[in-house]
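K.L.:
attaching a predicted model along with its sequence, questions to come.
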Amino acid sequence: MVTGGAGFIGSHLTNRLHELGANVIVVDDLSTGDREKVKATCNVFVEGDVSQPNTYAELGGFRVDYVFHFGSPSSVMLFNEKPDDCIYKTIFGFRRVIAFAEENNVAKVIYPSSGSVYGDAPVPQTEAMMPKPTNLYGVCKLTCEQLARLSLDKVPSVGLRIFAGYGPGEETKGEIASVITLFAKAILKGERPVIYGDGQQDRDFVFIEDVLAATLKAAETDYTGVVNVGSGESCSFNKLVDVTNKLLRKNTKPLYVNKPMRYLERTLASREVQDKVLGFRPTALEVGIGKLLDYLKEKDSLKQ
């Protein structure tokens, strides 16, 4: 079962599981997802919110071996706009997913936490650090980690502390897509990409294919607990614009605007545990951005 299976990561995961021969149940409320993305690759589609008990009524009778829980709000911006709604959906949704897993003897639950749980901790950020999130999104992700920990004796689980994920398929997220996608779309349209602050802030960006590799490996391994999913390198927003311009042979200048309060300046994942547990080789940033640009250009050409 993939919750949020019509969303960005969830749809990629659903399609990959189908390729591997799995029977996939998708549960998605379609708030940011697109059912067409998984129309041909999921065996059962349930439109519903996993934080609501009635959603689970439609799942009776299905055997579920693994739950990949990606059905929760995935943006700091969303939490700022609708904090109560996002808190409820994230925490109650996760609790009900864990309860479903307990009741149905699910072998393992894989869920996305976030590099946001580290807040402004020194880099590189390691799983052994005391998490100190600086926003509601990170607080809720940390709460889910603790709920998972309390249930480990009944439901094995892995929380993926995904850093700044990006790649093809984010278009349904609109303005809450990754900055890489937002910058790429702006430059492709001849518009100036908007940067908050001076552009020196940097992030650990991880390509969608790497997130998929980590997610599948997390299901296969005996490891339980939390683990980083990052590239182990950081890149400034200014450099992102430079790389995108270079690949497109353009010279579009960014538009700098005031930075919000409690804005994270830097994220960088330690790969020590990740390499031992998940063992994937990260995609080089320029390669990942190139693949994203090819995808966006192809989508645009299909519209014309």
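P.N.:
Thanks, I have it. Numbering: from 1, shown residues only.

K.L.:
for stretch 187-199, what is the average pLDDT?
P.N.:
Within the predicted structure, the mean pLDDT of stretch 187-199 is 95.

K.L.:
off-centre distance for it?
P.N.:
Computed by C-alpha atoms, centre = their mean, to the nearest Å, the chain-centroid distance of stretch 187-199 equals 23 Å.

K.L.:
before we move on, what about stretch 276-293?
P.N.:
14 Å.

K.L.:
what lies in contact with that stretch?
P.N.:
Contact with stretch 276-293 is made by 166-168, 180-181, 184, 188, 205-207, 209-210, 213-214, 217-218, 221, 223, 227, 229-233, 235, 240, 243-244, 247-248, as judged by C-beta atoms under 8 Å, 6 or more residues apart in numbering. Glycine gets a C-beta too; all of them are placed from N, C-alpha and C.

K.L.:
tell me the buried residues in that stretch?
P.N.:
Neighbour-count burial for stretch 276-293 flags 277, 278, 280, 282, 283, 285, 288, 289, 290, 291, 292, 293 (criterion: 16 or more other C-beta atoms under 10 Å).

K.L.:
one more: stretch 98-105?
P.N.:
In stretch 98-105, the ones that count as buried by 16+ other C-beta under 10 Å are 98, 100, 101, 104.

K.L.:
now that stretch - C-alpha only, PDB.
P.N.:
Output in PDB follows, covering the C-alpha atoms of stretch 98-105 (Å, rounded to 0.1, in the frame of the first residue of the first chain):
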ATOM      1  CA  ILE A  98       0.600   2.500  12.200                       C
ATOM      2  CA  ALA A  99      -2.700   1.200  13.800                       C
ATOM      3  CA  PHE A 100      -3.700  -0.200  10.400                       C
ATOM      4  CA  ALA A 101      -0.200  -1.900  10.100                       C
ATOM      5  CA  GLU A 102      -0.600  -3.400  13.600                       C
ATOM      6  CA  GLU A 103      -4.100  -4.800  12.900                       C
ATOM      7  CA  ASN A 104      -3.100  -6.300   9.600                       C
ATOM      8  CA  ASN A 105       0.300  -7.800  10.500                       C
END
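
K.L.:
residues touching that stretch, excluding its own?
P.N.:
Residues contacting stretch 98-105 (C-beta under 8 Å, 6+ apart): 56, 59, 63-64, 67, 106, 109, 147-148, 151, 154-155, 157.

K.L.:
in helices, which of those residues appear?
P.N.:
147, 148 (DSSP state H).

K.L.:
please pick the buried ones from the contacts of stretch 98-105.
P.N.:
Buried among the contacts of stretch 98-105 (16+ other C-beta under 10 Å): 56, 59, 67, 106, 109, 147, 148, 151, 155, 157.

K.L.:
tell me the predicted confidence for the first one.
P.N.:
Spelled out, that is residue 56. Looking at residue 56, the pLDDT reads 93.

K.L.:
and it, what does it touch?
P.N.:
Residue 56 neighbours (C-beta under 8 Å, 6+ apart): 96, 100.

K.L.:
from residue 95, how far out is it?
P.N.:
12 Å (C-beta to C-beta, to the nearest Å).

K.L.:
now the fourth one
P.N.:
Counting by C-beta to C-beta, the gap from residue 106 to residue 95 is 15 Å.

K.L.:
how about the second one?
P.N.:
Computed with C-beta to C-beta, the distance linking residue 59 and residue 95 is 16 Å.

K.L.:
show me where the stretch 51-200 of the chain has its helices.
P.N.:
76-81, 83-103, 136-150, 179-188 (DSSP state H, counting those that start in this stretch).

K.L.:
can you name every helix or strand that the first one contacts?
P.N.:
Taking 3 or more C-beta pairs under 8 Å, 6 or more residues apart in numbering; DSSP states H and E as the contact definition, the neighbouring helices and strands of helix 76-81 are helix 83-103, helix 136-150.

K.L.:
which of the residues in that helix are buried?
P.N.:
76, 78, 79.

K.L.:
picking up where we left off before, possible to save the helices and strands packed on helix 76-81 as TSV with mean pLDDT and distance to residue 38?
P.N.:
Below are the helices and strands packed on helix 76-81 laid out as TSV (pLDDT from 0 to 100; distance: least, C-beta to C-beta, whole Å):
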stretch	mean pLDDT	distance to residue 38
helix 83-103	97	19
helix 136-150	97	24
